Structure formats: C-alpha cells, structure tokens
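>>> Kindly generate the corresponding structure for this input.
(3 chains)
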Amino acid sequence: MSLNTEQGMDEAQERKHRLNMHRMKNALFQVLCEIKEKSALSQRNPPEDDPPDPQQLRLDRMLESEGVIGNDADAQLEGQLAASGDNTAEHGDYRAKLNQIRSIYHAELEKYNNACQEFTQHVQNLLREQSRTRPISQREIQRTITIISRRFNQIQLQLKQSTCEAVMILRSRFLDARRKRRNFSKQATEVLNEYFYSHLSNPYPSEEAKEELARKCGITVSQVSNWFGNKRIRYKKNIGKFQEEANLYAAKNAQAVCQTGANGSSMGYDTFDNS
DNA sequence: GTCAATGATTTGAT
DNA sequence: ATCAAATCATTGAC
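Predicted structure coming up:
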C-alpha cells in the first residue's frame, strides 16, 4: 500500500513545519522578552540596589552580643554572668531560658530557610515550565527569585526582632539588679554608716574616698554612690528616725577617738547642716 | 498576707 | 558627670 509512504511524507512535513513554528516562536518570545524587559526597566526601579540593611546588621550584632548567634555562645554567656557579679544561683535558670530562645530561633531560622529554598525551587520550575508557552526571560526568573528571597529576608528580620525582644525581656527579668537585690553585709553597712555619720556636715565622699569605701565593703563604687545618695535623702527626710543610729555611731567614734589618743582633730563627728 | 527597710533606677537640674 | 528626688522591686520582720 502507498498509504504508509504517504503518511510518512506527511509526518516528515509536519515535523518540519513544527520545527519552523518552534523557531519562529522562540524568536518571537525573545523579542517580546526584550520589550518586556525594556518597559519594566523604564517604569520601575532600574537599579537593583541591595545594600546590607542597617537594621538587619544591628539586630545581628545584638543577637551575637547576647549569645544567641555565634559559635562561642556558652563562653560568652559565662563571661556575661561573671561580669554581672551573680554567682551560680540563677545561672542555670537564665542559661536554660536563653538556650531555649536560641534553639527556637535556630529552628525557626532553618524552617524559614528551607521554606524559602523550597518555594524558590518551586517557582523556578514553574516559570521554566511556563517559559515554553509564554515569553519569560531568564533574567525575569532571576528577578522573581530575588524578590522572593528578599521577602523571606523580611520574615527573617521579624524573627530576629522578636528573638531580640525575648532576650531583652529575659535579661531584664534575670539580670536586672533590682530583681535580685541583696542587702549589704553588716560590716559593709557599718563602714558606710561610720563614714556617713562622721562626715554629717558634708556627706559627699570624694572619688578616692568612694573607692576606698568600696574596697573596704566589697562593693562597687557606684554602689557606694547609690548608698550615699539614698542615705542622704532618707536622713534628711526624717532626721528623727535616724537619731538613734547617729548616736550609736557617734558613741562608737568617741570610743575610737579615746582609744587612739587625742590626736584626732578631724575625727570628730559633724552635725548635719540642713539649710 | 502586710509593711518598713533598702538597694537600684529614672528623671531632671546644675 | 554628680546630685536630689521620686519611684521601683526585693528583702526580711511581723
């Protein structure tokens, strides 16, 4: 039968025709892509500026300094706690909570990254698929991907922000000195009161005096400043209430003066000048 | 539980 | 920067 050969001829012609169409289509798509590209460029953001977001950097720095990010978080945390002058009692609790925040952060981050990657891949495949039936340039795909990753970056930023917030709250809850105040030792209070009542007319220790007192009491200079600030205002507010205390330290001082002999012209107790 | 004492912080003035 | 004053948040006695 000649049907077969006829059919073969037809098929060959058909293939040729399709090939031609394909070439034409590709050429047409390319032109369309160029037009699209030009109109897109002219109508909106020509420069694809992507400067490192200052807020992003700020959050990164903060998280790193809080020991959420970074490989040496534990050592850093120890350093922090040592510097804060807190010992062993609430370390565990604080560290556990911080670790919790850290692991949540990393889990979320990984989740986002995976989702981003997955979504990007998906869109990329989709666009490649579609580029066979409508004009989509490689450049356009790339741009779409950039937009997606930027969008996910914003989500990451939010994650970092909320993590920062959580850390700050934890910090204020555990490291705020007000929340774990300890009264000074009896001896420390003794030393401070001694100085205060023997300088009642001018209870303002100099920087050196503060350092000396801090050393003697085993507290910091700012704690000495705090103490004198509090003491002055509270004494002034109610001198009567402190009279007993004043007498006590006056007697103590008198005893000291007697024991050390009569050379203490500057050792006498002043009276508070409240004018 | 209340409540005064007390150390720390905040605010505003100098 | 330092101080007074008001205020906060905990401690410790009751």
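
>>> State the mean pLDDT of stretch A:31-39.
Average pLDDT, stretch A:31-39: 74.

>>> what's in contact with it?
A:Pro135, A:Ile136, A:Ser137, A:Arg139, A:Glu140 (C-beta atoms under 8 Å, 6 or more residues apart in numbering). In this view, the C-beta of every residue, glycine as well, is placed from N, C-alpha and C.

>>> Now with 6 Å, please.
Stretch A:31-39 is contacted from outside by A:Pro135, A:Ser137, using C-beta atoms under 6 Å, 6 or more residues apart in numbering.

>>> can you dump the C-alpha coordinates of it into PDB?
This file holds the C-alpha atoms of stretch A:31-39, laid out as PDB (Å, rounded to 0.1, in the frame of the first residue of the first chain):
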ATOM      1  CA  VAL A  31      11.600  39.900  21.000                       C
ATOM      2  CA  LEU A  32       8.700  40.000  23.400                       C
ATOM      3  CA  CYS A  33      11.100  39.400  26.300                       C
ATOM      4  CA  GLU A  34      13.200  42.300  25.300                       C
ATOM      5  CA  ILE A  35      10.300  44.600  25.000                       C
ATOM      6  CA  LYS A  36       9.000  43.400  28.400                       C
ATOM      7  CA  GLU A  37      12.500  44.000  29.800                       C
ATOM      8  CA  LYS A  38      12.700  47.500  28.500                       C
ATOM      9  CA  SER A  39       9.300  48.500  29.600                       C
END
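
>>> how far out from the middle of the chain is that stretch?
45 Å (C-alpha atoms, centre = their mean, to the nearest Å).

>>> Output the helix or strand hosting A:Arg232 as CSV, restricted to C-alpha atoms.
Assessed by DSSP states H and E, A:Arg232 sits inside helix A:221-237. Output of helix A:221-237 as CSV, limited to C-alpha atoms (Å, rounded to 0.1, in the frame of the first residue of the first chain):
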residue,chain,number,x,y,z
VAL,A,221,32.0,52.5,93.6
SER,A,222,28.6,53.0,92.1
GLN,A,223,27.1,51.0,94.9
VAL,A,224,28.8,53.3,97.3
SER,A,225,27.4,56.3,95.4
ASN,A,226,24.0,54.8,95.5
TRP,A,227,24.2,54.1,99.2
PHE,A,228,25.2,57.7,100.0
GLY,A,229,22.6,59.1,97.6
ASN,A,230,19.9,57.0,99.4
LYS,A,231,21.3,57.7,102.8
ARG,A,232,21.5,61.5,102.4
ILE,A,233,18.0,61.8,101.1
ARG,A,234,16.5,59.5,103.6
TYR,A,235,18.4,61.0,106.5
LYS,A,236,17.3,64.5,105.5
LYS,A,237,13.7,63.4,105.1
